[in-house]
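Trainee: sequence first, then the predicted structure:
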Amino acid sequence: MFELHTQLIKDSVMVGDLSLSRVLLCNDSQYPWLILVPRRADVVELFQLSRIDQQQLLDEISAVSAALAGHFRADKMNVAALGNVVPQLHVHIIARFKEDAAWPRPVWGVQPAVAYADETLQQRMTELEQLLLPHGLQSARSL
């Protein structure tokens, strides 16, 4: 049975589900940062997914990346699946800007996360739901 790793639960807010992946918003207001987690039990590495799921994940990564890049006018999209701390397969999709605090370095370890304020979080969630609905998002509010 699919369950989110406790660290992902702690560090993010559920936006909703795509066909394969749970979509999470990283609770760091410094970056538009989503995390896709394939809803498959005990998957640590990409190669452990079926070929169909691998293709679906790539399609979802591409769609979410393009949506974020266009909406936020990102200078660069960072897409990464590290898994050194959280072994569950998950893919970070981060819109980056030349003026962000970590540029041009990776975002990890540059500055502590800055959690969203409640009102800002609700606005961002609504914005992301509207952005991803055309890509098949089932909002967490309707799950």
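Mentor: Everything's here; your move.

Trainee: what's the average pLDDT for the longest helix seen in the chain?
Mentor: As assigned by DSSP state H, the longest helix anywhere in the chain is helix 51-72. The predicted model gives helix 51-72 an average pLDDT of 98.

Trainee: for the next helix or strand after it, which helices and strands make contact with it?
Mentor: Counting by DSSP states H and E, the element after helix 51-72 in chain order, helix or strand, is strand 76-80. On a contact count with 3 or more C-beta pairs under 8 Å, 6 or more residues apart in numbering; DSSP states H and E, strand 76-80 meets helix 51-72, strand 91-96. (Glycine included, C-beta is placed from N, CA and C.)

Trainee: okay, now the sheet partners of the shortest one, with direction.
Mentor: Sheet neighbours of strand 91-96, with direction, are listed as strand 33-38 (antiparallel), strand 76-80 (antiparallel) (DSSP bridges).

Trainee: out of those strands, nearest to His90?
Mentor: For His90, the closest of the strands paired with strand 91-96 is strand 33-38, at 4.5 Å, according to C-beta to C-beta.

Trainee: and for the longest helix of the chain, what's in contact with it?
Mentor: Here helix 51-72 makes contact (C-beta atoms under 8 Å, 6 or more residues apart in numbering) with 18-21, 23, 32, 34, 36, 38, 40, 46-47, 49, 74, 77, 79, 91, 93, 95, 97, 127, 131-132, 135.
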